[in-house]
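Engineer: here's my sequence, what's the structure:
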Amino acid sequence: MSDQAVIIHTDGGCTPNPGPGGWGAVLRYGDHVRELYGGDAASTTNNRMELTAPIEALELLNRPATVHVYTDSTYVRNGITSWLAGWKRNGWKTAAKQPVKNADLWVRLEEACARHEVQWFWVKGHAGVADNELADQLATRGMREAMGLALPGAVDA
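Structural biologist: Next comes the predicted model:
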C-alpha cells in the first residue's frame, strides 16, 4: 500500500425521508480528483444513501490502498467502527433483538473495506468543509437526476 492515503468525502440523503434519494462522493489521491454520484427515484432512506456513498467510492478503487473516509453520518461511522462486530455476533440483530436495518449494505460496506486499510472520520455537515459540501451537492444531483429533474439553473438546449 502507498504511504499516501486516498481521501474520500461522502454524503447521502432523501427528500422527504423516506423518499427519493441521492448519494455523492469525492475521492482525492494526490492531484487526482474523482466525483461520483447516483440516486434512487424509488422510496429509499437517508441512511441507505449515506451507506451507498462510501460503498461506491471504495468499490471503485482498483487496488488496495490506505483510505481516509470522511462522513457527516454518525450512523455510518459508528456502524462500521463500533456496531458491526456485535451485529454479526448476534446474527444480524440489534441489542434490542431487532433485525439490523440495511444489513445488505452493511455487508457490502464491510466487503468494500476488506481489501483496504480504512480509517473513518466524522465531519460536521454543512460546516464549510469544502469536499463535504461538494459531496452534498453531488448527492442532490444524483437524487434530482434519478427523479428526472433538471438541476437548478440548468438551461435546456
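Engineer: grab the most central residue of this structure for me.
Structural biologist: Here the mean C-alpha position of the chain is nearest to the C-alpha of residue 53 (CA atoms, centre = their mean), at a distance of 2.5 Å.
Engineer: from residue 149, how far off is the nearest residue to it once chain neighbours are set aside?
Structural biologist: On the basis of CB to CB, 6 or more residues apart in numbering, the spatially nearest residue to residue 53 that is not a chain neighbour turns out to be residue 10, at 3.6 Å. All C-beta spots, glycine's among them, are computed from the backbone N, C-alpha and C. For residue 10, the distance to residue 149 under the criterion CB to CB, to the nearest Å works out to 22 Å.
Engineer: more neighbours, these two?
Structural biologist: With other CB atoms under 10 Å as the criterion, residue 10 and residue 149 differ in neighbour count, and residue 10 comes out ahead with 33 against 13.
Engineer: and that one, helix, strand or coil?
Structural biologist: Each residue gets one of three states, and residue 10 gets strand by DSSP: H, G, I helix; E, B strand; the rest coil.
Engineer: over to residue 142?
Structural biologist: Assigned with three-state DSSP, residue 142 falls in the helix class.
Engineer: so it is in contact with residue 38, correct?
Structural biologist: Yes: taking CB atoms under 8 Å as the definition, residue 142 is a contact partner of residue 38 at 4.7 Å.
Engineer: which one's more surrounded, these two?
Structural biologist: Between residue 142 and residue 38, counted using other CB under 10 Å, residue 142 has the larger neighbour count: 27 against 21.
Engineer: so who does that one touch?
Structural biologist: For residue 142, the residues meeting the contact criterion (CB atoms under 8 Å, 6 or more residues apart in numbering) are 22, 23, 24, 37, 38, 39.
Engineer: right, and the residue nearest to the centre of the chain touches residue 139 too?
Structural biologist: Yes: using CB under 8 Å, residue 53 is in contact with residue 139, at 7.1 Å.
Engineer: thanks a lot, catch you later.
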